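S.K.: Structure for the following, please:
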Amino acid sequence: MTFGYIIHLANYSDGVLYVLAGLFVIAVAVIIDRMWYLRRAILRGGSIVRRMAAMGRVNEQDLAALRDFAGRMPEGLLLDTALNHMNDADHAGMNSRMDEAIMLVAPRLDRRMWVLDTIVTLAPLLGLFGTIIGMFHAFSILATPGHAPAEVTGGVADALVATACGIFIAMIGLATFNMLQNQVRLIIHQLETIRTMVLNRTDGAPVVPHVGGELAVRAVVAA
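M.R.: Presented below is the predicted three-dimensional model:
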């Protein structure tokens with residue numbers, strides 16, 4: 001397939017393939033951005049869960065160290081909130097503040113995911129639209145005296161390329177969208193786990209470190 005033939009296909013759909021190519025580039029950009037950010041958050045959250053699982057008690061120095069380790073990841077805001085309210089007399093207030101922190105950080109996780117969701121729905125429809133336009137061009141040959149049947153069938157084949165491209169983009173987008181949604185769910189679960197761990201280790205009651213519960217910790221990290 002030559003570059004000239006690709007240009008021919010794009011022009012045959014009246015530019016719809018150009019739009020599909022732009023949607024594909026946008027989808028790939030969103031996928032790379034979200035995969036990079038969410039994967040970093042999962043790895044950072046998993047490390048924090050493992051560290052806290054090995055602690056019997058957590059003091060301000062421990063929380064400060066964990067917060068610095070989390071950095072600008074979602075876990076950082078949660079641990080910073082816990083550190084700021086650690087000395088509150090009402091332990092339920094600290095729990096409420098940490099719940100608020102999770103609610104505030106949740107929109108960061110699926111940022112720009114709506115773009116990928118829209119492309120998954122729009123790409124097949126746009127591809128079908130391009131095919132319909134190509135069909136107009138293909139069957140318009142029938143009105144030309146002395147037309148060859150191969151010109152019509154060849155035009156139909158060229159018109160179907162737009163639908164194939166739209167479905168391909170939708171399949172790639174749908175698979176990655178579901179994967180990213182699962183990663184968001186895992187991060188929320190890790191944040192809830194960290195919140196519970198902090199509350200359990202700052203309420204004054206003795207806590208036995210989960211040194212021997214490595215399987216349980218791995219289940220939380222990779223759920």
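S.K.: In the helix or strand hosting Leu125, which of the residues would be classed as buried?
M.R.: Under the criterion of DSSP states H and E, Leu125 resides in helix 113-139. Of the residues in helix 113-139, 113, 115-117, 119-120, 122-124, 126-127, 129-131, 133-134, 137-138 count as buried by neighbour count, 16 or more other CB atoms under 10 Å. Yep, even glycine has a C-beta here, placed from its N, CA and C like the rest.
S.K.: thinking in terms of the whole chain, how far from its middle is whichever strand or helix holds Asn182?
M.R.: Element membership of Asn182 [criterion: DSSP H and E] is helix 149-201. When distances are taken as CA atoms, centre = their mean, to the nearest Å, helix 149-201 is centred 8 Å away from the chain's centroid.
S.K.: who does it touch, helix- and strand-wise?
M.R.: helix 3-12, helix 16-53, helix 74-84, helix 91-109, helix 113-139, helix 214-221 (3 or more CB pairs under 8 Å, 6 or more residues apart in numbering; DSSP states H and E).
S.K.: want to try CSV for these, with mean pLDDT and distance to Ala157 as columns?
M.R.: Below are those laid out as CSV (pLDDT from 0 to 100; distance: least, CB to CB, whole Å):
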stretch, mean pLDDT, distance to Ala157
helix 3-12, 60, 10
helix 16-53, 92, 14
helix 74-84, 88, 49
helix 91-109, 87, 43
helix 113-139, 87, 9
helix 214-221, 48, 50
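S.K.: which stretch among these comes nearest Leu180?
M.R.: Ranking those by proximity to Leu180 (CB to CB) places helix 16-53 first, at 5.1 Å.
S.K.: tell me the contacts of the residue nearest the centre of the chain?
M.R.: In the chain, the residue lying closest to the centroid (CA atoms, centre = their mean) is Leu180, at 3.3 Å. For Leu180, the contact set (CB atoms under 8 Å, 6 or more residues apart in numbering) comprises Ile31, Arg34, Met35, Leu38, Asp110, Met113, Leu116.
S.K.: same question, Ile26
M.R.: Val115, Ile119 are the contacts of Ile26 under CB under 8 Å, 6+ apart.
S.K.: before we move on, back to that, buried ones among the contacts of Leu180?
M.R.: Ile31, Arg34, Leu38, Asp110, Met113, Leu116.
S.K.: which one of the residues you listed is nearest Val25?
M.R.: Ile31 (10.8 Å).
S.K.: so what's that closest one up against?
M.R.: The contact partners of Ile31, by CB under 8 Å, 6+ apart, come to Leu116, Gly173, Thr176, Leu180.
S.K.: Please tell me how far it sits from Tyr37.
M.R.: Taking CB to CB, to the nearest Å as the measure, Ile31 falls 11 Å from Tyr37.
S.K.: Tell me, how many residues neighbour the closest residue in space to Val120 that isn't next to it in sequence?
M.R.: Closest residue in space to Val120, ignoring its immediate chain neighbours: Gly173 at 4.1 Å, by CB to CB, 6 or more residues apart in numbering. As a burial measure, Gly173 scores 25 neighbours (other CB atoms under 10 Å).
S.K.: Next, the contact list for Gly173, please.
M.R.: Counting by CB under 8 Å, 6+ apart, the residues that Gly173 touches are Ala27, Ile31, Leu116, Ile119, Val120, Ala123.
S.K.: Kindly report the same for Asp117.
M.R.: Phe177.
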